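K.L.:
Predicted structure and sequence below. I'll ask about it afterward.
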Amino acid sequence: MGPVNESNLDWSDTDRGETRFRRKRLAAAAGGDDLGCSLYELPAGGKSWPYHYHTGNEEALYVLTGEGFLRADDGEHRLRAGDYAALSAGESGAHCVVNDGEVPLRYLLLSTMREPDVSVYPDSGKIGIFAGSPPGSDEPRTVEGYYRREDTVDYWLDEV
């Protein structure tokens, strides 16, 4: 498949309280399989997905325009155009992007698109489980769900 131009793609909108952004799935539109890439735009005061990390996928972000900050495992880091951040798989790659500026913050987010994957949400104590297609994919999944970590049960519960 040839190149795609982002101006030919529609935005998808997410608006859940402070989590507000627009997204264009660039890699999916170009037929990408193993590397995901989306263009995100956060309005002033908006933030990306809730603070999380992936156990099986590395992500990276590159800021195109605007300013904000990256909440990461080691603290908050200012972001501005030209900044690149590698977000490794595991707890040290935990992240959330926040636009505390007055103009939209636009950035590219890339992902290795491996499955199965488990995403961990430290603030809410949840985990997300994905198999059959990776996080960020539109393909059907064979297993998907979000669970409270505190609801752990013994391995042998209800087994015969």
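P.N.:
Nice, I can see it. Numbering: from 1, shown residues only.
K.L.:
Model confidence score at the most centrally placed residue in the chain, please.
P.N.:
Note on the chain: the residue nearest the mean C-alpha position is residue 49, at 6.0 Å, using CA atoms, centre = their mean. At residue 49, the pLDDT value in this model is 96.
K.L.:
That one: what's it in contact with?
P.N.:
19, 96 (CB atoms under 8 Å, 6 or more residues apart in numbering). The way it works is simple: take the backbone N, C-alpha and C, and place the C-beta from them, glycine included.
K.L.:
Give me the phi and psi for residue 65.
P.N.:
Residue 65 adopts backbone torsions of phi -150, psi 160, taken as degrees, to the nearest 10.
K.L.:
so residue 110 touches residue 36, yeah?
P.N.:
Yes - the pair residue 110 / residue 36 is scored as a contact, 6.5 Å apart, by CB atoms under 8 Å.
K.L.:
can you map out the strands along the chain?
P.N.:
12-16, 19-25, 36-42, 53-54, 59-65, 67-72, 75-80, 84-87, 95-98, 105-111, 117-121, 126-131, 143-148 (DSSP state E).
K.L.:
could those strands go into JSON lines alongside mean pLDDT and mean neighbour count?
P.N.:
Compiled in JSON lines, the strands of the chain are given as follows (pLDDT from 0 to 100; neighbours: other CB atoms under 10 Å):
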{"stretch": "strand 12-16", "mean pLDDT": "97", "mean neighbour count": "11"}
{"stretch": "strand 19-25", "mean pLDDT": "97", "mean neighbour count": "19"}
{"stretch": "strand 36-42", "mean pLDDT": "97", "mean neighbour count": "21"}
{"stretch": "strand 53-54", "mean pLDDT": "98", "mean neighbour count": "24"}
{"stretch": "strand 59-65", "mean pLDDT": "98", "mean neighbour count": "17"}
{"stretch": "strand 67-72", "mean pLDDT": "98", "mean neighbour count": "19"}
{"stretch": "strand 75-80", "mean pLDDT": "98", "mean neighbour count": "13"}
{"stretch": "strand 84-87", "mean pLDDT": "98", "mean neighbour count": "15"}
{"stretch": "strand 95-98", "mean pLDDT": "98", "mean neighbour count": "20"}
{"stretch": "strand 105-111", "mean pLDDT": "98", "mean neighbour count": "22"}
{"stretch": "strand 117-121", "mean pLDDT": "97", "mean neighbour count": "18"}
{"stretch": "strand 126-131", "mean pLDDT": "95", "mean neighbour count": "17"}
{"stretch": "strand 143-148", "mean pLDDT": "94", "mean neighbour count": "11"}
